[in-house]
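Q: sequence first, then the predicted structure, then my questions.
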Amino acid sequence: MTLTKSMKLIGIGDNGIASLLPQYIEWINQSEVLVGGERLLAFFPHYQGEKVVVKGGLKALVQQLEQETRNTIILASGDPLFYGIGSYLSAKLNIEVYPYMSSVQLAFSRMGEGWSDAYITSVHGRPIKGLAQRINGKKKVALLTDETNSPNAIASYLKHFDMTEYQAFVAENLQGEQEKCGWYTLDEMEVGSFSPLNVVILKQTAPARVWPLGIDDEEFSQRKPEKGLITKKEIRVLTLQAMRLHERSIVWDVGTCTGSMAIEAGKIAREGQVFGVEKNEPDLANCMANQKKFRVDMTAIHAKAPEGLDTFPNPDSIFIGGTGGEMTDLIALCCERLNEGGTIVLNAATIENLYLAVEAFKKADFNVAVTQAQIARSKPILHMTRFVPLNPIYIIAATRKEEEN
């Protein structure tokens, strides 16, 4: 990497030069190259050096700046290291970073509340998918938005998941001439008119709907009158443990049915992604209803696995709840697609499927561990209590063998 003669990354507010320290203004005036978006460069109409407009991806910009030997200043909005270009540029270039206040910091100052306890995330240039499980139960949430994921779209999204415990504070054009800040209900925010430059803060004004690990079976929408097509609560908890999930796990649920496994996995892998495939349309409809109820925004498709799996990213964890008679081929595909360090868990109710699964995993050169779970639930009988057994289940966990050095 070629080190530049002198390169600084300076954060600037929407009030332009007024947001800069005198030292920063002096550096800009003494520089030979000024880099930034059109809106930021417009704050310096009399700049004497060369202006470079940032357009498109940052890779090309980095390649250009790596060859630059002149005194260069890069401008960025707010704090460049806070969901900005600073992290990428500082990892690629030899630069000094001088931040301004972030838009979130300014928004909370207008709101008049602290933000050390806030959950902060961005839907700017990113999918809103999965936001529901990330923020559910959070008392304060700050969102960086864009024209697609606008305050209107966020309100509609939250209403879909019945997250009406939130009231919204929208801060627009912070420190600009058209600055506007105010409180909105979700209904008001859904139909309001907002500047593209805004920050949305959600504040919980009523208790949120949250569920502990091991949601009761009866809570899930299931196929009627033929109930029972659900991984039972106790088995579900043991299976989730075997899947070795983490906060950012990418999860597949093959044969998702009601979605009970995928939904509980999504609550653990809040910052990750969950994908399900189901061949029966009535079950998929129940899965969609359960997603909404339990506030887990996963991707579920109608297909018979392995169809549809090619549209999913490679997973860190896979649960195989149904094979449709294609167990061997399905396991082989899952073993091939699984990320390094990942885990595949398959639950079998018969010794025949246990045998087939173990043999298929061994053929793929995977380590296999099996847990036999025999659960019984208490049931009152007159003034006494008896136990009703559930069907025994074999929980098969498979991991790729590590290569010997």
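A: Now that the structure is in, tell me what you want to look at. Computed from a prediction, not measured in an experiment: that's the story for all the values here. Residues are numbered from 1 along each chain as shown.

Q: can we go C-alpha only for contacts and neighbour counts from here?
A: Fine.

Q: which elements pack onto the helix or strand containing residue 396?
A: Secondary-structure element containing residue 396, defined by DSSP states H and E: strand 393-400. Secondary-structure packing of strand 393-400 (3 or more CA pairs under 8 Å, 6 or more residues apart in numbering; DSSP states H and E): helix 233-242, strand 343-348, helix 351-363, strand 366-373.

Q: for residue 92, find the nearest of the ones you listed.
A: Among the helices and strands packed on strand 393-400, strand 343-348 comes nearest to residue 92, with 33.9 Å by CA to CA.

Q: contact partners of that closest one?
A: 239, 242-244, 316-321, 334-335, 338, 354, 357, 393-400 (CA atoms under 8 Å, 6 or more residues apart in numbering).

Q: if we use 7 Å, what do you get?
A: 242-244, 316-321, 354, 393-399 (CA atoms under 7 Å, 6 or more residues apart in numbering).

Q: now it and strand 393-400, what's the angle there?
A: Counting by axes from the mean of the first three to the mean of the last three CA atoms, to 10 degrees, strand 343-348 lies at 150 degrees to strand 393-400.

Q: just list the residues touching residue 201, thanks.
A: Per CA under 7 Å, 6+ apart, neighbours of residue 201: 141, 142, 143, 168, 169, 170.

Q: and residue 275, by the same measure?
A: 251, 252, 253, 298, 299, 300.

Q: what subset of those is buried?
A: Neighbour-count burial (16 or more other CA atoms under 10 Å) is assigned, among these, to 251, 252, 253, 298, 299, 300.

Q: pretty sure the fourth one sits against residue 274.
A: Going back to what we said before, that points to residue 298. Yes. Counting by CA atoms under 7 Å, residue 298 does reach residue 274; the two are 5.1 Å apart.

Q: of the contacts of residue 201, which belong to strands?
A: Cross-referencing these against strands under DSSP state E gives 141, 142, 143, 168, 169, 170.

Q: residues in contact with the closest residue to the fourth one other than its chain neighbours?
A: Of all residues not flanking residue 168 in the chain, residue 202 sits nearest, at 4.6 Å (CA to CA, 6 or more residues apart in numbering). By CA under 7 Å, 6+ apart, the residues touching residue 202 are 140, 141, 142, 166, 167, 168, 169.

Q: just the buried ones from the contacts of residue 201, in PyMOL syntax?
A: The PyMOL selection below is limited to those of those classed as buried (16+ other CA under 10 Å):
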select buried, resi 141+142+143+168+169+170
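
Q: pLDDT added to the contacts of residue 201, as CSV?
A: Shown next, in CSV, are the contacts of residue 201 (pLDDT from 0 to 100):
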residue, pLDDT
141, 98
142, 98
143, 98
168, 98
169, 98
170, 98
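
Q: nearest to residue 378 among the buried ones among the contacts of residue 275?
A: Using CA to CA, those come closest to residue 378 at residue 253, 29.7 Å.

Q: the helix or strand hosting that closest one packs against which elements?
A: Using DSSP H and E, residue 253 falls within strand 250-254. Judged by 3 or more CA pairs under 7 Å, 6 or more residues apart in numbering; DSSP states H and E, the packing partners of strand 250-254 are strand 273-278, strand 317-320.

Q: could I get those strands as a markdown table with mean pLDDT and distance to residue 124?
A: As requested, the helices and strands packed on strand 250-254 are exported to a markdown table (pLDDT from 0 to 100; distance: least, CA to CA, whole Å):
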| stretch | mean pLDDT | distance to residue 124 |
| --- | --- | --- |
| strand 273-278 | 97 | 18 |
| strand 317-320 | 98 | 28 |
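
Q: can I get the ones you listed in TSV including distance to residue 262?
A: Converted to TSV, these look like this (distance: least, CA to CA, whole Å):
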stretch	distance to residue 262
strand 273-278	7
strand 317-320	9
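
Q: which stretches of this protein form helices?
A: 22-30, 38-41, 58-66, 86-92, 103-111, 131-135, 151-160, 186-191, 233-242, 260-268, 281-294, 327-337, 351-363 (DSSP state H).

Q: and the fourth one, what does it pack against?
A: What that stands for is helix 86-92. Partner elements for helix 86-92 (3+ CA pairs under 7 Å, 6+ apart): none found.

Q: show residues contacting that helix.
A: 80, 81.

Q: how about the contacts made by the closest residue to residue 303 other than its chain neighbours?
A: Nearest in space to residue 303, with sequence neighbours left out and distances taken as CA to CA, 6+ apart, is residue 279 at 4.7 Å. Going by CA under 7 Å, 6+ apart, residue 279 touches 302, 303, 304.

Q: among those residues, which ones are in strands?
A: Going by DSSP E, the strands hold residue 302 from the contacts of residue 279.
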